[in-house]
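1. Let me see the structure of the following:
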Amino acid sequence: SALTRALNLCGALLPETVHSPQMGLNPTGFWETEDVTDLDSRLIEQLGGKWNRIDFKLPDEGPIIDEFRDDARAILREIYHDAPLILIKDPRICRLMPFWSSVLQDCGWPARVLMPVRSPLEVALSLKIRDGLELTRGCLLWLRHVLDAEAETRGMRRAVFDWNDFLADWRKVLGRAGEQLQLAFPHGVETGAVDDFLSSSLRHHEASREELKLHPAINEWARESYAAMAELAANPDSSNARNTLDAVRAEFEKAAEAFGAILHDHDERTRHVSAHANSLAEANHSLIAECDDLLSRLTTEREASKEREATERAAFAAEIAKQQKSFAERLAQLEHEREHLQQSLAALEVRFAESSADLNRLAVEKDRAAKEALAVINQISERYADESSRRARTAISRFWKSRDAQSRFAVPEHYDSIRNSVFF
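-> Alright, predicted model coming up:
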């Protein structure tokens, strides 16, 4: 991506429709033409392959190739028009070089190839971050792309260079590449815009040669191929490097035919597991969102409940205070009444005590008077009894004297009056 942007700043044309940057992966941009990458993806899938299948082979001819070749020519003419120097970047072109070289030739832009050579371990680390591929699988994909790209660009004008050399001195590398490609960049290689764009932060993964030599994920084919590509960068005509790459490619083709389908099946199972994991993650995310929403609503309700409780508590406290005040006033009133009643009771007790004394005195006087009256009555009764008895005897004596002997047994008419006049 950094190389593509640098070439663009030096004057090679890129269309406006390039893939957007992705934070965490490539924040400065991929600089890949969307129409081209879309066509490459569809072509590989139509041919039954995938970008990460090491056993995919591009057929030389066929109806699918012809159909996509027409589409590719139309795309190039539409997005590049008649520009003298165009720039195309897509890693899939490494697998589709015969297809694109013919398309470019048909459109009047003979292919010139720039091949940066980067450590397979750094590329594998990048693929692990971007696509989740295991390092061993990333190493095999690096090997597949490098072997195909190198083999299919022999005989073309190309420039192979070390990626570290480009980052260290891009002017020197692009100046040498221009000579090898017999190409003059419209803006030259002295533009300061490239310096402003390139920085060490563009290198997300870095691996030393010692790490590459010892890392278990890097197979011997990758190490040999990386060394051979580094030799081609230093000496483009090195037959030793080409022989090494041919030998590795022959062995790798056999292994790819034997194990490519197995790796594809493994990828499919992994994809299904990943899709299921993603589905579970989405469900979990949805559940978490629901829980968060429920928690938020419960928190809101709890806060509202707290506010209601505080309001009710304040109202209850106010009512209690009011009742306490009323009770206190009533209690004070009752206490005042109690004191008044106690005073009244004390006064009544005094009066009662005084009345009791008077009653006792009167009772004594009454008893004395009753005794005196009884004595008087007794005296009068005795005198009266004596007088009555005397009178009765006198009356009876007179009565008998006044009656003759014959009428003594007849009861006189005034007997009752005589009887009632005496005490019996």
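2. Give me the neighbour count for the closest residue to His145 other than its chain neighbours.
-> Excluding its sequence neighbours, the residue lying closest to His145 (CB to CB, 6 or more residues apart in numbering) is Cys94, at 4.0 Å. Using the backbone N, CA and C atoms, a C-beta is placed for each residue, glycine as well. Per other CB atoms under 10 Å, the neighbour tally for Cys94 reads 20.
3. is it true that Cys94 touches Leu143?
-> No - using CB atoms under 8 Å, Cys94 makes no contact with Leu143, being 11.0 Å away.
4. picking that back up, from Gly178, how far out is the residue nearest to His145?
-> 22 Å (CB to CB, to the nearest Å).
5. Pull the contacting residues for the residue nearest to Asn219 when sequence neighbours are not counted.
-> Counting by CB to CB, 6+ apart, Asn219 lies nearest to Cys139, which is 6.3 Å off, once chain neighbours are set aside. By CB atoms under 8 Å, 6 or more residues apart in numbering, Cys139 lies in contact with Pro120, Leu121, Val123, Ala124, Ala217, Ile218, Asn219, Ala222.
6. what about the residue nearest to the third one when sequence neighbours are not counted, neighbour count?
-> It refers to Val123. Once flanking residues are discounted, Val123 sits nearest to Trp142: 4.6 Å by CB to CB, 6+ apart. Counted with other CB under 10 Å, residues neighbouring Trp142 total 23.
7. Kindly provide the distance from Trp142 to Arg223.
-> Using CB to CB, Trp142 is found at 11 Å from Arg223.
8. Now do the helices in the protein.
-> Taking DSSP state H as the test, the helices found in the chain are 2-9, 34-46, 63-80, 97-107, 120-131, 135-152, 163-168, 170-181, 192-197, 209-214, 220-234, 239-402, 415-420.
9. So, low pLDDT: which residues of the stretch 1-150 of the chain?
-> Scanning the stretch 1-150 of the chain with the threshold set as pLDDT under 70 gives 19-30.
10. let's go with 90 and repeat that
-> 1-34, 50-57, 60, 82, 129-133 (pLDDT under 90).
11. With the stretch 251-400 of the chain instead?
-> Within the stretch 251-400 of the chain, the ranges that satisfy pLDDT under 90 run 257-287, 289-400.
12. ok, how many other residues are close to Asp148?
-> Neighbour tally, Asp148, other CB under 10 Å: 21.
13. Please shift the residue numbers so they start at 36 in all later answers.
-> Yep, numbering from 36; the last one is Asp183 now.
14. Now for it: which residues touch it?
-> Asp183 makes contact with Cys129, Arg130, Met132, according to CB under 8 Å, 6+ apart.
15. of those, closest to Ser309?
-> Ser309 has its nearest neighbour among the contacts of Asp183 in Arg130, at 23.4 Å by CB to CB.
16. picking that back up, the helices of the chain: which one's closest to Leu149?
-> helix 205-216 (5.9 Å).
17. What helices and strands are in contact with that closest one?
-> Secondary-structure packing of helix 205-216 (3 or more CB pairs under 8 Å, 6 or more residues apart in numbering; DSSP states H and E): helix 37-44, strand 147-152, strand 192-197, helix 198-203.
18. CSV for the ones you listed, including distance to Glu338 and mean neighbour count?
-> Formatted as CSV, the helices and strands packed on helix 205-216 follow (distance: least, CB to CB, whole Å; neighbours: other CB atoms under 10 Å):
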stretch, distance to Glu338, mean neighbour count
helix 37-44, 53, 21
strand 147-152, 60, 20
strand 192-197, 64, 20
helix 198-203, 57, 17
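19. Tabulate the ones you listed in TSV, adding columns for distance to Leu280.
-> As requested, these are exported to TSV (distance: least, CB to CB, whole Å):
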stretch	distance to Leu280
helix 37-44	21
strand 147-152	12
strand 192-197	11
helix 198-203	18
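20. Any idea which of those gets closest to Glu342?
-> Among these, helix 37-44 comes nearest to Glu342, with 58.5 Å by CB to CB.
21. any idea how far that closest one is from the chain center?
-> Centroid separation between helix 37-44 and its chain, computed with CA atoms, centre = their mean, to the nearest Å, is 43 Å.
22. Then stretch 86-93?
-> Taking mean C-alpha positions (CA atoms, centre = their mean), stretch 86-93 and its chain are 42 Å apart.
23. Could you do stretch 207-214 as well?
-> Centroid displacement of stretch 207-214 relative to its chain, using CA atoms, centre = their mean, is 54 Å.
24. go on, stretch 303-314?
-> 25 Å.
25. Contacts for that stretch next, please.
-> By CB under 8 Å, 6+ apart, stretch 303-314 touches Gly167.
26. what comes up buried for that stretch?
-> By neighbour count on 16 or more other CB atoms under 10 Å, the buried set for stretch 303-314 is empty.
27. just the CA coordinates of that stretch, formatted as CSV?
-> C-alpha atoms of stretch 303-314 as CSV (Å, rounded to 0.1, in the frame of the first residue of the first chain):
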residue,chain,number,x,y,z
GLU,A,303,-14.7,-24.2,5.2
ARG,A,304,-15.1,-25.9,8.6
THR,A,305,-13.3,-23.0,10.2
ARG,A,306,-15.6,-20.6,8.3
HIS,A,307,-18.7,-22.3,9.6
VAL,A,308,-17.3,-22.4,13.1
SER,A,309,-16.4,-18.8,12.8
ALA,A,310,-19.8,-17.9,11.4
HIS,A,311,-21.4,-19.8,14.3
ALA,A,312,-19.1,-18.0,16.7
ASN,A,313,-20.0,-14.7,15.2
SER,A,314,-23.7,-15.6,15.4
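28. Distance of Lys163 relative to Glu225?
-> Distance, Lys163 to Glu225, using CB to CB: 37 Å.
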